[in-house]
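[1] With the sequence up front, the predicted model follows.
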Amino acid sequence: MVITLKREGSDVLVPTKKGITVHKVSDTMKREEMERFEEGFPDGVYAIPREEGQPKVALRALFNYCEKHGKHPNDLSDEERKQFLRWD
């Protein structure tokens, strides 16, 4: 288990047999780690493939709708959500 404390820069607390070790993490280190992670997703997609027979979700349209209506996706009714399902 790793616990990250949020503040300028960050400390990462790593449990050990004798207690907790604190590792300092610079913004540069975090940026480099993020860049290495994102290299694995060249098209910018961070999604789990859907199972056969499951709909696609029109995410851009969903988020545009939420922004226009001042709602969070979790606050949409089932009827509102259905308009963003694509069964192709």
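    Right, received. Where do you want to start? Residues are numbered from 1 along each chain as shown.
[2] Quick check: the gap between the residue nearest the centre of the chain and Glu38.
    For the chain, the residue nearest the mean C-alpha position is Tyr46 (7.9 Å; C-alpha atoms, centre = their mean). Shown here: Tyr46 relative to Glu38, a distance of 9 Å by C-beta to C-beta, to the nearest Å. The C-beta positions use only the backbone N, C-alpha and C, and glycine is treated the same way.
[3] same check, this time on Asp78
    Taking C-beta to C-beta, one finds Asp78 at 34 Å from Glu38.
[4] So those two - more neighbours on which side?
    Glu38 (11 against 6; other C-beta atoms under 10 Å).
[5] Secondary structure element holding the residue nearest to the centre of the chain?
    Using DSSP states H and E, Tyr46 sits in no helix or strand.
[6] Roughly how far does it sit from Lys82?
    Distance from Tyr46 to Lys82, by C-beta to C-beta: 24 Å.
[7] cool, Met29 as well?
    Taking C-beta to C-beta, one finds Met29 at 44 Å from Lys82.
[8] quick one, which of those two is more surrounded?
    Met29 (13 against 10).
[9] how about the more buried one, secondary structure?
    helix (DSSP: H, G, I helix; E, B strand; the rest coil).
[10] Let me see the ranges of the strands in this structure.
    3-6, 10-16, 19-25, 56-57, 85-86 (DSSP state E).
[11] Could you dump these into CSV with mean pLDDT and mean neighbour count added?
    Below are the strands of the chain laid out as CSV (pLDDT from 0 to 100; neighbours: other C-beta atoms under 10 Å):
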stretch, mean pLDDT, mean neighbour count
strand 3-6, 48, 10
strand 10-16, 78, 12
strand 19-25, 81, 10
strand 56-57, 88, 14
strand 85-86, 93, 10
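[12] Minimum distance to Cys66: which of these has it?
    Proximity to Cys66, assessed across these by C-beta to C-beta, is greatest for strand 56-57 (12.5 Å).
[13] packing partners for the closest one?
    strand 85-86 (3 or more C-beta pairs under 8 Å, 6 or more residues apart in numbering; DSSP states H and E).
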